[in-house]
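K.L.:
No letters, just coordinates:
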């Protein structure tokens, strides 16, 4: 934390740069605003951002969303007939 910042200032939201961050995600460690955080269902669950909550729930997997042939641009796909 910088010396010039007040003690309670966390920074800005990782997604909404104009919004003030209210908490840090337990999994990724990034700061998020209230709209981007998923409240825990039980007291034992940590506070998570939407992306990490989806990964923890098993809806998404970690890592790049696209790999292999789908990571090509339109010209590359057209030349091989996709």
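P.N.:
Looks like it came in fine. Here the structure is a predicted model, which means the values were calculated and not measured.
K.L.:
pLDDT below threshold where in this structure?
P.N.:
1-9, 63-82 (pLDDT under 70).
K.L.:
ok, 90 please
P.N.:
1-11, 17, 39-43, 45, 56-82 (pLDDT under 90).
K.L.:
What are the contacting residues of stretch 43-62?
P.N.:
Defining contact as Cβ atoms under 8 Å, 6 or more residues apart in numbering, one finds that stretch 43-62 is touched by 14, 23-28, 30, 32, 36-40. All C-beta spots, glycine's among them, are computed from the backbone N, C-alpha and C.
K.L.:
make it 7 Å
P.N.:
Outside of stretch 43-62, the residues within contact range by Cβ atoms under 7 Å, 6 or more residues apart in numbering are 23, 25, 26, 27, 28, 30, 32, 36, 37, 38, 40.
K.L.:
okay, among these, which ones form the most distant pair?
P.N.:
Among those, the pair separated by the greatest distance (Cβ to Cβ) is 30 and 40, at 17.1 Å.
K.L.:
So those two - more neighbours on which side?
P.N.:
Under the criterion of other Cβ atoms under 10 Å, the comparison of residue 30 against residue 40 puts residue 30 first, with 16 against 13.
K.L.:
contacting residues around that one?
P.N.:
By Cβ under 7 Å, 6+ apart, the neighbours of residue 30 are 14, 24, 49.
K.L.:
Out of the contacts of stretch 43-62, which sit inside strands?
P.N.:
In strands, defined here by DSSP state E, the members of the contacts of stretch 43-62 are 23, 32, 37, 38.
K.L.:
Adding distance to residue 57, write those residues out as JSON lines.
P.N.:
JSON lines is the format used below for the ones in strands among the contacts of stretch 43-62 (distance: Cβ to Cβ, whole Å):
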{"residue": "23", "distance to residue 57": "19"}
{"residue": "32", "distance to residue 57": "17"}
{"residue": "37", "distance to residue 57": "15"}
{"residue": "38", "distance to residue 57": "9"}
